[in-house]
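1. dropping a prediction and its sequence here:
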Amino acid sequence: EAAVTQSPRSKVAVTGGKVTLSCHQTNNHDYMYWYRQDTGHGLRLIHYSYVADSTEKGDIPDGYKASRPSQENFSLILELASLSQTAVYFCASSVGQKDTQYFGPGTRLLVL
Amino acid sequence: GEQVEQLPSILRVQERSSASINCTYENSASNYFPWYKQEPGENPKLIIDIRSNMERKQIQGLIVLLDKKAKRFSLHITDTQPADSAMYFCAASSDTNTGKLTFGDGTVLTVKP
């Protein structure tokens, strides 16, 4: 199965602080995604990328930046973390847009 | 964009019975509909998908139906087992939306022994 790893697996951050979530895939996939999942809800797309050095806004990009320095790595950056950004964040990768997305294990972020 | 509504949000069934989850979408251009299963504390995993050139797809005990006219698709799990207990998500994407997936809010399925 495709391998997507995330770090850290959990994090406690303070309001106003900077948070960086990292994602690494070894699948040679072009597409990578960042989603957030709130308790009891579905996944909402924050940012995605289909090529290194380029990122695209998803459905809820406000308050988040993304960086794709290489095909394997995709980071999500919260410059000024807020309480409302407490959630579980999932990274995923896929060969193409309409192909299976393989999800990482998730990062549980708590902003206090 | 796209909006996907998923019902029910909670579903409890007896072991060996069938379970059905329904999703509706708004964008008639949507043409790819995957279903993901997420177990507690785990990441979502694709279990079955269907594209708009099909009306029905089956993989073992999983059946997906697509009604493009009604903009509705559904997952049917036959002969459920306790191991099927999990959260299930439907999703939809269209080329006009750059292929981004829009997920439903999920269904928590509990299969009682």
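-> It's in.
2. what residues does chain A have near chain B?
-> A:40-45, A:48, A:56, A:58-59, A:90, A:96-98, A:100-101, A:103-106 (CB under 8 Å from any CB of the partner chain). Quick note: C-beta positions are derived from backbone N, CA and C, even for glycine.
3. count the neighbours of residue 72 for me.
-> All of this refers to chain A. The number of residues packed near A:Glu72 is 16, by other CB atoms under 10 Å in any protein chain shown.
4. wrong chain, I was asking about chain B
-> 14.
5. thinking again about what came up before, which of the residues of chain A next to chain B are buried?
-> Among these, those scoring as buried are A:41-45, A:48, A:56, A:58-59, A:90, A:97-98, A:100-101, A:103-106 (criterion: 16 or more other CB atoms under 10 Å in any protein chain shown).
6. residues contacting B:His76?
-> B:Ser18, B:Ala19, B:Ser20, B:Leu62, B:Ile63, B:Val64, B:Leu65 (CB atoms under 8 Å, 6 or more residues apart in numbering or on different chains).
7. what pLDDT does the model give the closest residue in space to A:Ser54 that isn't next to it in sequence?
-> Closest residue to A:Ser54 apart from its sequence neighbours, by CB to CB, 6 or more residues apart in numbering or on different chains: A:Arg68 at 6.4 Å. Confidence at A:Arg68, expressed as pLDDT, is 98.
8. quick one: residues contacting A:Arg68.
-> With CB under 8 Å, 6+ apart, A:Arg68 has these contacts: A:Met32, A:Ser49, A:Val51, A:Ala52, A:Asp53, A:Ser54, A:Thr55, A:Phe74, A:Ser75.
9. residue boundaries of the strands in chain B?
-> Remark: strands assigned in chain B by DSSP state E are B:4-7, B:10-14, B:19-25, B:30-38, B:45-51, B:56-59, B:62-67, B:72-77, B:86-94, B:102-103, B:107-112.
10. still on that earlier bit, need the contacts of B:His76 in a markdown table with pLDDT and neighbour count, can you?
-> Formatted as a markdown table, those follow (pLDDT from 0 to 100; neighbours: other CB atoms under 10 Å in any protein chain shown):
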| residue | pLDDT | neighbour count |
| --- | --- | --- |
| B:Ser18 | 97 | 12 |
| B:Ala19 | 98 | 22 |
| B:Ser20 | 98 | 16 |
| B:Leu62 | 97 | 16 |
| B:Ile63 | 98 | 18 |
| B:Val64 | 98 | 22 |
| B:Leu65 | 98 | 17 |
